[in-house]
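Trainee: here is my input, please return the structure:
(2 chains)
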Amino acid sequence: DAKTTQPTSMDCAEGRAANLPCNHSTISGNEYVYWYRQIHSQGPQYIIHGLKNNETNEMASLIITEDRKSSTLILPHATLRDTAVYYCIVRVGGSNTGKLIFGQGTTLQVKP
Amino acid sequence: DAGVIQSPRHEVTEMGQEVTLRCKPISGHDYLFWYRQTMMRGLELLIYFNNNVPIDDSGMPEDRFSAKMPNASFSTLKIQPSEPRDSAVYFCASSPRGGFNEQYFGPGTRLTVT
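Mentor: Numbers count the residues shown, from 1 in each chain, chains lettered A, B, ... in the order given. Got it, this is the predicted structure:
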C-alpha cells in the first residue's frame, strides 16, 4: 500500500472549515483513499473514501487532486466534537481487502 | 443497531493470568478484526476473519495470543499467559461483505497487566 504523510497536528476555530491534508505521492491507480478519525478514548470511526472523484457525505468532503498524489479532508463547519486524530489511509481496491494500516494521523484541535 | 459490542470494557489482571476479550460484531457483517492500540506502537491489526475463518494473523505478536470465531456473532481474543507489555486498548471491528473497507469499531477493552 502507498505510504501517506500527514501533519502531526492542526488547529481550527469552531465554526470554520477544517482542511486536513494528506500526501500519497506513490499511490497506484487501483488504490483508494480512506479517512477515519478517532475521538479520545473511542474506537476509530469511518468518515469517507474515494478513488479519483471528489466525494461528499453527511460528515465531510474529500478532495483528491487530479494526479491523485494528495487529498484533503474538509469538515465544513468544525465543532468542538470534531477534535480527534484523523487518519488518512491508502488501500488497494474498493471491496473489502482486509487490512487497513493506521499511521500516526493528524491531531485536530478545534478551539472555541 | 447496537454496534460492535466488546466486553469487558476494563480488565486488570496480574502477570501470568489468562485474559479473554470478547466481541460481538454487527449482525450481518462478514468481516471481523482485532486491533491493539498503545502509545508507542499506535493502532495495530492483530488478526482478521472472513465468514468466521481467520484470513491473516500475521499481526498476532506471539503464541501467547490466540483468537477464535466460533460463529458469526461472537469472537474471542485470548492471552495466556499475560505480561505487563500486553497492557493496551484492544479494539474489535466488523465490516460488511462487499463494503468499501468501512470498518465499524467497538468501544474497546482497556487491559492492564500488573
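Trainee: what separates residue B:78 from chain A, distance-wise?
Mentor: Look at residue B:78 and chain A: by C-beta to the nearest C-beta, to the nearest Å, they are 20 Å apart. All C-beta atoms are positioned from the backbone trio N, CA, C, and that covers glycine.
Trainee: in terms of helices and strands, where is the residue nearest in space to the middle of chain A?
Mentor: Nearest to the mean C-alpha position of chain A, by C-alpha atoms, centre = their mean, lies residue A:35 at 3.5 Å. If you go by DSSP states H and E, residue A:35 is part of strand A:31-38.
Trainee: tell me the pLDDT of residue B:98.
Mentor: In the prediction, the pLDDT value recorded for residue B:98 is 63.
Trainee: check residue A:97 too.
Mentor: Listed pLDDT for residue A:97 reads 59.
Trainee: phi, psi of residue 6?
Mentor: Here I'm looking at chain A. Residue A:6 adopts backbone torsions of phi -130, psi 150, taken as degrees, to the nearest 10.
Trainee: can you count the residues close to it?
Mentor: Neighbour count of residue A:6, defined by other C-beta atoms under 10 Å in any protein chain shown: 21.
Trainee: how close does the residue lying closest to it once chain neighbours are set aside sit to residue B:52?
Mentor: Residue nearest to residue A:6 in three dimensions, not counting chain neighbours: residue A:106, with 4.6 Å by C-beta to C-beta, 6 or more residues apart in numbering or on different chains. For residue A:106, the distance to residue B:52 (C-beta to C-beta, to the nearest Å) stands at 36 Å.
Trainee: so which residue of chain B comes closest to chain A?
Mentor: Per C-beta to the nearest C-beta, residue B:105 is where chain B lies closest to chain A, at 2.9 Å.
Trainee: how about the most centrally placed residue in chain B, what does it touch?
Mentor: Nearest to the mean C-alpha position of chain B, counting by C-alpha atoms, centre = their mean, stands residue B:34 at 3.2 Å. For residue B:34, the contacting residues are B:23, B:45-48, B:67, B:75, B:77, B:90-92, by C-beta atoms under 8 Å, 6 or more residues apart in numbering or on different chains.
Trainee: lowest average confidence, helix or strand, in chain A?
Mentor: Lowest mean confidence among the helices and strands of chain A (mean pLDDT, DSSP states H and E): strand A:84-92, at a mean of 91.
Trainee: partner strands of the helix or strand that comes right after that one, with direction?
Mentor: Moving toward the C-terminus from strand A:84-92, the next helix or strand (DSSP H and E) is strand A:106-111. Each strand paired with strand A:106-111, and its direction, by DSSP bridges: strand A:9-13 (parallel), strand A:84-92 (antiparallel).
Trainee: which parts of stretch A:38-55 are buried?
Mentor: Across stretch A:38-55, burial judged by 16 or more other C-beta atoms under 10 Å in any protein chain shown covers A:38, A:43-50, A:55.
Trainee: residues making contact with that stretch?
Mentor: By C-beta under 8 Å, 6+ apart, stretch A:38-55 touches A:32-37, A:56-57, A:59-64, A:68, A:71, A:73, A:81, A:83-87, A:94, A:102, A:105, B:4, B:43, B:91, B:93, B:100-108.
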